[in-house]
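Engineer: sequence first, predicted coordinates after that:
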Amino acid sequence: MKIQVYNTLTQTKEEFVPRKPGEVSLYVCGVTPYSDTHLGHARPSVIWDVIKKFFRYQGYKTFHVQNFTDVDDKIIQRAKEQGVPALEISQRYIEEYLESMDALGVERADVYPKVSEHMPEIVQLVETLIEKDHAYATQGDVFFHVASFPEYGKLSKQKLDELRQGTRFEVDPSKRDATDFALWKQAKPGEPAWDSPWGEGRPGWHIECSAMSYKYLGTEFDFHGGGNDLIFPHHENEIAQSEAATDEPLARYWVHNGMLNLKDMKMSKSLGNVISVQQLTARYPKELLRFYLLSTHYRSSLEYYEGKIEEVAKGWNRLNDTVLKLQEDLVRANSEQSTDLDQKTLERVAELERGLLEAFSDDFNTAMAIGILFELVREVNTYKHNGGNHLSVLQKAWDVFALYGSDILGVLQLEKSEQEGLVDSLLDLLLELREELRRTKNFALADQIRNQLTDLGITIEDTPQGPRWKV
RNA sequence: GGCGGCAUAGCCAAGUGGUAAGGCAGAGCUCUGCAAAAGCUCCAUUCCCCAGUUCAAAUCUGGGUGCCGCCUCCA
């Protein structure tokens, strides 16, 4: 199956052709670790987690690099406020970020390069750019000369003249051109600094991604990803630096996710309207959070507001419930001669499976995939409602849910924790007693038990196969 | 001002030339000791507005209107 990808560079969907057959290389812009990881960071992480897993399922090997920009003004600022070393701040939030991602079931990247550990590579790249006349040093600073790279603006579709006019802040007088940007910044007293041919200083924003992606992935790697707020200037500048230095394309496909909005406003650290991932993972199962994040196509913007997760949870519960019941049904399925109903359902399930593959192959359309998962829910429930119980059908449906719903999307909660295991046993005991009451028609007491459990947040369902419960 | 994007039912949300997926909410029914769950049926002659292209448009073109993002740190 051919995979179509929307490329920001060409503004069209293109067929994905990897640099090396059977391998997918990707560089996703990570975070500047100076505060708690918020839901806006979770979106690209979860999206790329799904994309990676899908490619893996398609038989590709993946190599994923994600940077931490751990040398940065805001980190330094925070370090000053708290009176601790800047790298201590960044380390703390790197750990917080990784824990948050673990809590969301996001598989880790293969490499997490940090700016602070790649100074030689960065200095080397800046030197190359100076040698090739794409950059110039002033007193202690080094700037990239944008006009030396004729293709500047090709990603963000900006014109140099417009950018010059659009400059709204004071221009550093030592720059040749208002649009030139810093590759290396001279150290100010008391700030973290590294040695360089231009004196003590630190890298400008952008250059680290060029240096580190080159080190780990070389030129023209497959995917470069991040939020669409990074298109300009960050990714535009990365392209300029990298391509000016290597004369090779930086990346083949530029994939940008939409923003997560809060009350029609972008969720952003600087706006102070953030919802931290840890707050959410403490309240909701990771599968539900992923379901919420993946229910909208990755390029669209996504709204968050108080109560949103609860709204989404209703549908998610039905999906999850069906699959959980299916798990139980497999045990007592029959494997005798299959009937017309079995055959028809099996065909329909296979059809939905193809739909899922198509959805993922069409620019990673997780929203459509989730829609198809719900169609499968109805298909399975109707089949069972009509007396279907054949192993081949139930197994097939289970396999499709397990692969797409669980392995790739990670939206199904199929296993219970240890603590839930204990609750499990206790409830089974209680429900067994209640069944005895029901058999002896002591409905008053049976109802009382059920009502009191309901008050505790546990729902009881009396089914022909015996009672079921859920939280 | 420049650039990019979006506008689909009460809400959320797919669909980019062939006659509107899916979820939530709502109505009715079936099943059930009662509930719950599940199933069935119904719920947009219509896709922000106006023109145009076409046998055919939510989908393409032009023009409006509204909203969002970027142009300054941001996923």
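Structural biologist: Yep, that arrived.

Engineer: give me the domain ranges for chain A.
Structural biologist: Following automatic domain parsing, chain A resolves into domains at A:4-294, A:309-408, A:418-470.

Engineer: export the ones you listed as TSV, with columns for mean neighbour count.
Structural biologist: Every residue, glycine included, has its C-beta placed from N, CA and C. Shown next, in TSV, are these (neighbours: other Cβ atoms under 10 Å):
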stretch	mean neighbour count
domain A:4-294	18
domain A:309-408	17
domain A:418-470	13
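
Engineer: can I get those in TSV with mean pLDDT and distance to RNA strand B?
Structural biologist: Listed next are those as TSV, based on pLDDT from 0 to 100; distance: least, Cβ to the nearest atom of the strand, whole Å:
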stretch	mean pLDDT	distance to RNA strand B
domain A:4-294	92	2
domain A:309-408	93	2
domain A:418-470	80	3
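
Engineer: any chance of TSV for these, columns distance to A:Glu303?
Structural biologist: Listed next are those as TSV, based on distance: least, Cβ to Cβ, whole Å:
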stretch	distance to A:Glu303
domain A:4-294	5
domain A:309-408	11
domain A:418-470	27
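
Engineer: who touches A:Ser301 in this structure?
Structural biologist: Counting by Cβ atoms under 8 Å, 6 or more residues apart in numbering, A:Ser301 touches A:258-261.

Engineer: which parts of the stretch 201-350 of chain A are helices?
Structural biologist: A:207-217, A:236-246, A:277-283, A:286-294, A:308-331, A:340-361 (DSSP state H, counting those that start in this stretch).

Engineer: report the angle between the fifth one and helix A:286-294.
Structural biologist: Between the axes of helix A:308-331 and helix A:286-294, defined by axes from the mean of the first three to the mean of the last three Cα atoms, to 10 degrees, the angle is 120 degrees.

Engineer: am I right that A:Asp229 is in contact with A:Gly258?
Structural biologist: No. Assessed by Cβ atoms under 8 Å, A:Asp229 is found out of contact with A:Gly258, at 9.7 Å.

Engineer: distance from the chain centre to stretch A:211-229, please.
Structural biologist: In terms of Cα atoms, centre = their mean, to the nearest Å, the centre of stretch A:211-229 is found 16 Å from the chain centre.

Engineer: got the contact list for the residue lying closest to A:Tyr292 once chain neighbours are set aside?
Structural biologist: The spatial neighbour of A:Tyr292 that comes closest, neighbours along the chain excluded (Cβ to Cβ, 6 or more residues apart in numbering), is A:Val312 at 4.7 Å. Counting by Cβ under 8 Å, 6+ apart, A:Val312 touches A:288, A:291-292, A:295.

Engineer: likewise A:Pro85?
Structural biologist: Counted by Cβ under 8 Å, 6+ apart, A:Pro85 has contacts A:79, A:192.

Engineer: next, give phi and psi for it.
Structural biologist: phi -60, psi 150 (degrees, to the nearest 10).

Engineer: hang on, the earlier thing: and the domains of chain A: which comes nearest A:Leu302?
Structural biologist: domain A:4-294 (5.1 Å; Cβ to Cβ).

Engineer: quote the end-to-end distance of the closest one.
Structural biologist: Using Cα to Cα, to the nearest Å, the end-to-end distance of domain A:4-294 comes out at 18 Å.

Engineer: same question for stretch A:400-413.
Structural biologist: In stretch A:400-413, first residue to last residue: 15 Å (Cα to Cα).
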